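Undergrad: Build the 3D model from these lines:
(one chain, ligands or ions: 1)
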Amino acid sequence: LDVDTLKNQNDPIGVDKQTLLDRVSGERIKDRIERIAEHTATPGEGCSRFTYSEEDRCVRDMILDWFDTLGLQVNVDAVGNIRARLVGKNPDLAPVVTGSHIDTVPHGGKFDGVTGVVSAIEAVTCIVDSGFRPERSIEIIVFAEEEGSNFGMTTAGSKTLVGTFSEQDLHHLKNEDGVSMFEMAERFGLHPEHCEQDRIRPGDVDAMIELHVEQSIVLDREGPSIGIVQAIAGGKFYRVHFIGEANHAGATPMDMRKDAMVAAANAIARFHELVMEKKLKDTVGTVGQIHCEPNGSNVIAERVTFTLDIRDVVQEGIDRITDDLEAMFNEVAETFNVTCEIEPVGTSKPVRLSERIIGVIEHAAQSAGLDYRLMNSGAVHDAAEMTPVTDVGMIFVPSIDGKSHKPDEHTHISDIQLGCKLLLSALLDLTAR
Ligand SMILES: [Zn+2]
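TA: Residues are numbered from 1 along each chain as shown. Below you'll find the model as predicted:
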């Protein structure tokens, strides 16, 4: 590979970009994914690797070794986010970041998170091995505590990294045994009290791209093997309670009942109609769980509780549904002579990814001859947390049968290789000047 050719082309990477992309090795990707997967607290029953655990420590040590071999500048931050930098020709320019996470849910798969970390390492390996140096630095970030397996809060590592979480929040986040994230990080040998000084602030980073498995079925079912993410869905989540009166199914006349089941059934049917009537292009609404008390075949239901899950990639789509919920459910309650309570249980904001980065990734895909689909993400990712401080893009590769967060989660290595080529191509474009 002629480094000077790369430097002097009008297209900043030049004709030899393809040579660089051809270096992306499926074998090496597979090997690294397998070696990380060996470190699990539940051998034979999927990957259970929580942040700050022994398994986490082993994988970190291995990855730090890889970074050392690549000659990267490594820094582990206050809460354990690993930042490894391939210093560019012009170290004063803000770096381009890529990465994902290595922690898992209990009994999760090998690919969630790890795919993005290993692809980032593979992309940088190809650059280092070729002898080429980009103008801008490339930084790999291995995010801590993405899944929320310790503290029930997703993306705590990236939230801390960008200042969404303060030191105070680290004290408040506690695991099942009442141990705080601050304390666990400290016991792990970190310095959580440095979280403020370790923050990434707007301007510190030029761009961020995360490659991740889709965790849904679109790419696997409809193709192609690469998705370029435009937006990450947000949502509002509720528990709805209809409360009537339990009584004898045989002896209570129909006009004297306070039947929570009939009310809930009507409410669920009307919720579906409301979503169908008001939805924007990507709005979805789901009742996925229902509980009945006392749940006896010969007893009128006293209390029926069901969940509502409403999501969209634009806030308006969510609000159009939630604005009408209370009035609608109260009307149902009145009709059936019961009462209704709507209990909010959570909310997350939709995130639109950067037009600039989407454009760069699309262009990189076209120039590398890679087929792709523009799509949205239903799941949240570290990349979404980075949007307050930098321009963010995401690349998806297919999850076979859409399965994720389970031991049989799988993605073809050949698809990861394609995704990694796209990641490398985009990184080269972003770091050329
Ligand atoms: Zn993930």
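Undergrad: for the stretch 1-150 of the chain, what spans make up the strands?
TA: Using DSSP state E, counting those that start in this stretch, the strands of the stretch 1-150 of the chain run over residues 73-76, 82-86, 96-101, 138-143.
Undergrad: Same list, those, but as TSV with mean pLDDT please.
TA: Shown next, in TSV, are these (pLDDT from 0 to 100):
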stretch	mean pLDDT
strand 73-76	98
strand 82-86	98
strand 96-101	98
strand 138-143	98
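Undergrad: Spit out the contact partners of the residue nearest the centre of the chain.
TA: With distances taken as Cα atoms, centre = their mean, His381 lies nearest the centre of the chain, 2.2 Å away. For His381, the contacting residues are Ser100, Glu146, Thr155, Glu210, His212, Ile232, Met394, by Cβ atoms under 8 Å, 6 or more residues apart in numbering. Quick note: C-beta positions are derived from backbone N, CA and C, even for glycine.
Undergrad: one step back: identify whichever of the strands of the stretch 1-150 of the chain lies nearest to His410.
TA: Across these, His410 has its closest neighbour in strand 96-101 (17.1 Å, Cβ to Cβ).
Undergrad: Quick one, grab the pLDDT at the one residue in the stretch 251-400 of the chain that gets nearest to the ion.
TA: Closest contact between the stretch 251-400 of the chain and the ion, by Cβ to the ion, is at His381 (6.1 Å). Turning to His381, the model gives it a pLDDT of 93.
Undergrad: same thing with Pro224?
TA: Looking at Pro224, its pLDDT reads 96.
Undergrad: So it is in contact with Tyr372, correct?
TA: Yes - here Pro224 reaches Tyr372: they are 6.2 Å apart, a contact under Cβ atoms under 8 Å.
Undergrad: So which of those two has more stuff around it?
TA: Using other Cβ atoms under 10 Å as the criterion, Pro224 and Tyr372 rank with Tyr372 on top: 21 against 14.
Undergrad: Apart from its neighbours in sequence, what residue is nearest that one?
TA: Take Tyr372 and drop its neighbours on the chain: the residue closest to it by Cβ to Cβ, 6 or more residues apart in numbering is Ile226, 4.3 Å away.
Undergrad: One more: Val275?
TA: For Val275, ignoring the flanking residues on the chain, the nearest one in space by Cβ to Cβ, 6+ apart is Gly285 at 3.7 Å.
Undergrad: Then Asp129?
TA: That would be Arg23: by Cβ to Cβ, 6+ apart, it lies 6.5 Å from Asp129.
Undergrad: go on, Val229?
TA: Met394 (3.7 Å).
Undergrad: what about the one you found, which helix or strand?
TA: strand 391-397 (DSSP states H and E).
Undergrad: Tell me how many other residues crowd the closest residue in space to Val162 that isn't next to it in sequence.
TA: Excluding the flanking residues, the one nearest Val162 by Cβ to Cβ, 6+ apart is Val389, at 4.9 Å. Per other Cβ under 10 Å, the neighbour tally for Val389 reads 20.
Undergrad: quick one: Val389 and Gly359, what's the gap?
TA: 20 Å (Cβ to Cβ, to the nearest Å).
Undergrad: now swap in Arg83 and tell me
TA: Taken as Cβ to Cβ, the span from Arg83 to Gly359 is 26 Å.
Undergrad: go on, Leu430?
TA: 11 Å.
Undergrad: got it, and Pro202?
TA: Pro202 is 20 Å from Gly359, by Cβ to Cβ.
Undergrad: what do you get for Ala251?
TA: In terms of Cβ to Cβ, Ala251 sits 70 Å off from Gly359.
Undergrad: what's Gly235 sitting at in phi/psi?
TA: The phi/psi pair for Gly235 (degrees, to the nearest 10) reads phi -170, psi 170.
Undergrad: isn't it right up against Thr347?
TA: Yes - contact criterion Cβ under 8 Å: Gly235 and Thr347 qualify, at 7.1 Å.
Undergrad: With neighbour numbers in mind, choose between these two.
TA: The neighbour count for Gly235 versus Thr347, taken as other Cβ under 10 Å, is higher for Gly235 (20 against 13).
Undergrad: Just give me the neighbour total for Gln366.
TA: Neighbour tally, Gln366, other Cβ under 10 Å: 12.
Undergrad: Which pLDDT value does the model give it?
TA: The predicted local confidence for Gln366 is 93.
Undergrad: Can you say which helix or strand has it in it?
TA: Using DSSP H and E, Gln366 falls in helix 355-367.
Undergrad: Show me what secondary structure element comes after that helix.
TA: Next along from helix 355-367, by DSSP H and E: strand 373-377.
Undergrad: Tell me the helix or strand right after that next one.
TA: With DSSP H and E, the next secondary element past strand 373-377 is helix 382-386.
Undergrad: Could you list the alpha-carbon positions for that next one in PDB?
TA: The C-alpha trace of helix 382-386 is given here as PDB (Å, rounded to 0.1, in the frame of the first residue of the first chain):
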ATOM      1  CA  ASP A 382     -24.400   4.100  23.900                       C
ATOM      2  CA  ALA A 383     -24.400   6.000  20.600                       C
ATOM      3  CA  ALA A 384     -27.700   7.700  21.500                       C
ATOM      4  CA  GLU A 385     -26.100   9.000  24.800                       C
ATOM      5  CA  MET A 386     -23.300  10.600  22.800                       C
END
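Undergrad: got the CA positions of stretch 200-218 in CSV?
TA: This file holds the C-alpha atoms of stretch 200-218, laid out as CSV (Å, rounded to 0.1, in the frame of the first residue of the first chain):
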residue,chain,number,x,y,z
ILE,A,200,-16.4,14.4,27.0
ARG,A,201,-17.6,17.9,26.3
PRO,A,202,-19.1,19.3,23.1
GLY,A,203,-16.2,19.9,20.6
ASP,A,204,-13.9,17.3,22.2
VAL,A,205,-14.9,14.6,19.7
ASP,A,206,-15.6,15.3,16.0
ALA,A,207,-17.9,12.3,15.3
MET,A,208,-19.0,8.9,16.7
ILE,A,209,-20.0,5.8,14.9
GLU,A,210,-21.3,2.6,16.7
LEU,A,211,-21.7,-0.7,14.8
HIS,A,212,-24.2,-3.0,16.5
VAL,A,213,-26.3,-6.0,15.8
GLU,A,214,-29.8,-5.0,14.8
GLN,A,215,-31.6,-7.1,17.6
SER,A,216,-34.6,-7.2,15.4
ILE,A,217,-35.7,-9.1,12.3
VAL,A,218,-35.8,-6.6,9.4
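Undergrad: That's all I had, so thanks and see you.
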